[in-house]
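Trainee: this one's structure only:
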């Protein structure tokens with residue numbers, strides 16, 4: 001942690017930004033999770049499956065153009081004085097994408113034999129595509145300027161409104177179409193509030209805001225490339241559930257969505273990391289390449305340290321997690337979640353390498369890796385889903401994630417040939433072997449065995465020099481300084 005703290009130069013501020021970024025990521029997903037859980041418990045599994053299917057369409061369509069948001073973050077980090085031009089130009093561009101995306105959803109739904117009720121739920125909920133897409137542009141401009149508080153506050157308030165209003169309407173009417181209408185209304189209100197607050201707090205955005213066709217033309221190639229990235233990622237992560245809905249019923253879609261909901265909650269930590277570190281990587285690639293290398297190496301080490309413990313915990317506690325959140329009717333989700341947990345190490349360790357490739361403009365190599373792994377994933381989906389259902393999608397996802405990790409890691413090693421990647425990847429894996437006896441012997445209560453294995457894991461990490469005692473002390477001091485700044489200052493006096 002000490003090397004990492006030096007690399008970013010301001011560890012406390014970095015922790016603050018990661019915390020706010022996590023809030024920004026957590027709030028909307030928590031709203032999705034709670035609504036899905038309560039609909040499943042209060043209304044029924046089939047109704048929850050219908051909501052999961054509608055949310056899958058919304059997520060898929062949103063991810064299709066999410067690359068535009070990543071591009072805005074990168075460009076605003078590089079050109080902060082042009083933030084107003086990027087805001088205005090990409091708002092108009094994203095509006096066009098939103099209209100096209102909704103039209104595509106209408107076309108796809110009309111071609112699939114859904115019930116009229118399911119079709120109407122999908123169409124009403126996906127109206128949120130347009131206002132949420134515009135919100136993402138505003139948020140990206142603020143994140144590119146390392147302003148995390150405004151997006152975190154507005155997104156949290158919007159998500160709270162969607163959850164409360166949606167559940168109240170659903171409980172009173174038992175009609176998902178009205179819940180979807182509340183979702184759309186919350187998205188519109190969130191967009192208006194975010195725009196007003198952002199422009200009030202950032203007057204320079206108002207002064208420099210103008211639609212710049214030349215700016216879009218200059219960024220035409222990156223826009224196409226970033227859109228291609230997220231299109232392929234959307235197909236890889238969301239196509240499976242759409243294929244499942246074609247071969248199986250809404251109930252099995254609900255089982256699969258319950259498992260992916262847990263996985264998505266874990267991945268929020270990774271998204272928070274990305275939103276904070278990516279702008280720093282972009283700046284350091286230009287001015288301080290040594291710091292870029294340090295951030296990359298330490299990210300591999302610490303993400304690896306975290307993810308192996310999380311993976312073992314999910315495999316061990318999956319029955320308790322599913323039962324607590326969703327109830328016994330979702331019991332088939334347990335095995336699906338345990339299979340999906342196998343993809344977590346590949347996904348976590350892939351993030352620093354993919355960011356490095358974007359920083360160094362290795363678009364073609366990254367696109368090739370994404371395309372190859374996605375084609376394999378879709379092929380395996382069609383091969384496994386008819387016989388295995390949701391378990392088949394989970395297996396396909398783990399295999400394609402592993403292939404993508406190996407592919408991108410190979411390219412990243414070429415970008416940073418000085419880095420000793422293998423050592424940073426293997427040592428946390430060796431330390432994680434202490435979880436194997438716990439997973440094998442299940443006669444001990446899971447919470448007790450998990451506590452023992454975490455202690456053994458930390459001891460193994462220290463013994464293998466993955467982390468040092470000094471780093472743990474530094475992390476504790478930084479965290480304490482962040483949580484209790486006044487008490488520490490009083491002690492110094």
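Mentor: Thanks, I have the structure now. Since we're looking at a predicted model, the values are computed, not measured. Numbering: from 1, shown residues only.
Trainee: Enumerate every residue touching residue 142.
Mentor: The contact partners of residue 142, by Cβ atoms under 8 Å, 6 or more residues apart in numbering, come to 148, 150-151, 198, 202. In this view, the C-beta of every residue, glycine as well, is placed from N, C-alpha and C.
Trainee: Tell me which other helices or strands the host helix or strand of residue 152 touches.
Mentor: Per DSSP states H and E, residue 152 falls inside helix 149-173. Helix 149-173 is packed against helix 11-42, helix 129-144, helix 176-201, with contacts defined by 3 or more Cβ pairs under 8 Å, 6 or more residues apart in numbering; DSSP states H and E.
Trainee: wait, which of these is closest to residue 251?
Mentor: The closest of the helices and strands packed on helix 149-173 to residue 251 is helix 11-42. By Cβ to Cβ, the value is 10.4 Å.
Trainee: for this protein, what helix or strand is lowest in average pLDDT?
Mentor: helix 2-8 (a mean of 45; mean pLDDT, DSSP states H and E).
Trainee: buried set for the host helix or strand of residue 54?
Mentor: If you go by DSSP H and E, residue 54 is part of helix 45-64. Under the neighbour-count criterion of 16 or more other Cβ atoms under 10 Å, helix 45-64 has 45, 47-64 buried.
Trainee: ok, now how distant is residue 158 from residue 182?
Mentor: The spacing between residue 158 and residue 182, counted by Cβ to Cβ, to the nearest Å, is 11 Å.
Trainee: where are the low-confidence patches of this structure?
Mentor: Scanning the chain for pLDDT under 70 picks out the ranges 1-27, 206, 208, 272, 275-280, 282-290, 414-424, 435-447, 449-450, 467-493.
Trainee: Residue 399: how many residues sit nearby?
Mentor: For residue 399, the number of neighbouring residues by other Cβ atoms under 10 Å comes to 18.
Trainee: And for residue 179?
Mentor: Under the criterion other Cβ under 10 Å, the count of neighbours that residue 179 has is 27.
Trainee: so who does it touch?
Mentor: Residues near residue 179 by Cβ under 8 Å, 6+ apart: 35, 39, 51, 166-167, 169-170.
Trainee: and if you look at residue 52?
Mentor: 36, 241, 250, 253-254, 256-257.
Trainee: and if we set it to 7 Å?
Mentor: Going by Cβ atoms under 7 Å, 6 or more residues apart in numbering, residue 52 touches 36, 253-254, 257.
Trainee: do residue 432 as well
Mentor: 308, 312, 457.
Trainee: Now, those residues that are in strands?
Mentor: Per DSSP state E, strands hold no members of the contacts of residue 432.
Trainee: Which PyMOL command selects the buried ones in the residues you listed?
Mentor: To isolate the buried members of the contacts of residue 432 in PyMOL, using 16+ other Cβ under 10 Å:
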select buried, resi 308+312+457
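Trainee: ok, of the contacts of residue 432, which one's closest to residue 379?
Mentor: For the contacts of residue 432, the nearest to residue 379 is residue 308 (29.0 Å; Cβ to Cβ).
Trainee: Identify the residue nearest that closest one in space, chain neighbours excluded?
Mentor: Among residues not flanking residue 308 along the chain, residue 432 sits closest, at 3.6 Å (Cβ to Cβ, 6 or more residues apart in numbering).
Trainee: any idea how far residue 395 is from the one you found?
Mentor: Distance from residue 432 to residue 395, by Cβ to Cβ: 21 Å.
Trainee: so what's residue 230 closest to, chain neighbours aside?
Mentor: residue 67 (3.8 Å).
Trainee: okay, now that neighbour: neighbour count?
Mentor: Count around residue 67 with other Cβ under 10 Å applied: 22.
Trainee: List the buried residues in the following helix or strand past the helix holding residue 54.
Mentor: Sequence-wise, the next helix or strand downstream of helix 45-64 (DSSP H and E) is helix 66-78. Within helix 66-78, the residues that qualify as buried are 66-77, counting by 16+ other Cβ under 10 Å.
Trainee: so, if you compare the residues you listed, which one comes nearest to residue 362?
Mentor: Looking across the buried residues of helix 66-78 and measuring by Cβ to Cβ, the closest to residue 362 is residue 74, at 13.8 Å.
Trainee: picking that back up, mind listing what the residue nearest to residue 230 touches?
Mentor: Listed by Cβ under 7 Å, 6+ apart, the contact partners of residue 67 are 226-227, 229-230.
Trainee: and what of residue 139?
Mentor: Residue 139 neighbours (Cβ under 7 Å, 6+ apart): residue 151.
Trainee: and residue 129, how far is that from residue 59?
Mentor: To residue 59, residue 129 is 10 Å away according to Cβ to Cβ.
Trainee: what's the answer for residue 144, then?
Mentor: Counting by Cβ to Cβ - residue 144 and residue 59 are separated by 23 Å.
Trainee: and what of residue 39?
Mentor: Counting by Cβ to Cβ - residue 39 and residue 59 are separated by 17 Å.
Trainee: Max pairwise distance over the contacts of residue 179: which two?
Mentor: 51 and 169 (12.8 Å).
Trainee: if we can go back for a sec, just name the most buried of the helices and strands packed on helix 149-173.
Mentor: helix 129-144 (a mean of 25; mean count of other Cβ atoms under 10 Å).
Trainee: got the angle between that one and helix 45-64?
Mentor: 50 degrees (axes from the mean of the first three to the mean of the last three Cα atoms, to 10 degrees).
Trainee: tell me how far helix 129-144 is from the chain's mean position?
Mentor: A distance of 15 Å separates the centroid of the chain from that of helix 129-144, by Cα atoms, centre = their mean, to the nearest Å.
Trainee: before we move on, what about stretch 213-230?
Mentor: With Cα atoms, centre = their mean, you get 22 Å for stretch 213-230.
Trainee: Also stretch 106-116?
Mentor: With Cα atoms, centre = their mean, you get 28 Å for stretch 106-116.
Trainee: Tell me the buried residues in that stretch?
Mentor: 109, 114.
Trainee: contacts for that stretch?
Mentor: Here stretch 106-116 makes contact (Cβ under 7 Å, 6+ apart) with 119, 122-123, 246.
Trainee: Please repeat the previous calculation with a cut-off of 6 Å.
Mentor: For stretch 106-116, the external contacting residues (Cβ atoms under 6 Å, 6 or more residues apart in numbering) are 119, 122.
Trainee: now swap in stretch 212-227 and tell me
Mentor: Stretch 212-227 is contacted by residues 67, 70-71, 85, 89, 363 when judged by Cβ under 6 Å, 6+ apart.
Trainee: Farthest pair within those residues?
Mentor: With Cβ to Cβ as the measure, no two of the contacts of stretch 212-227 lie farther apart than 85 and 363, at 23.0 Å.
Trainee: Neighbour count: the two, which is higher?
Mentor: Neighbours per residue (other Cβ under 10 Å) separate residue 85 from residue 363, with residue 85 holding more: 21 against 17.
Trainee: For the more buried one, pull up the helix or strand it's in.
Mentor: Assigned by DSSP H and E, residue 85 falls in helix 83-111.
Trainee: Same question for that helix: list its buried residues.
Mentor: 83-91, 93-94, 97-98, 101-102, 104-105, 109.
Trainee: how near is residue 296 to residue 327?
Mentor: 43 Å.
Trainee: Pick out whichever of the two has more residues nearby.
Mentor: Between residue 296 and residue 327, counted using other Cβ under 10 Å, the more crowded position is residue 296 (25 against 14).
Trainee: Tell me which residues touch the more buried one, please.
Mentor: Listed by Cβ under 6 Å, 6+ apart, the contact set of residue 296 reads 352, 356.
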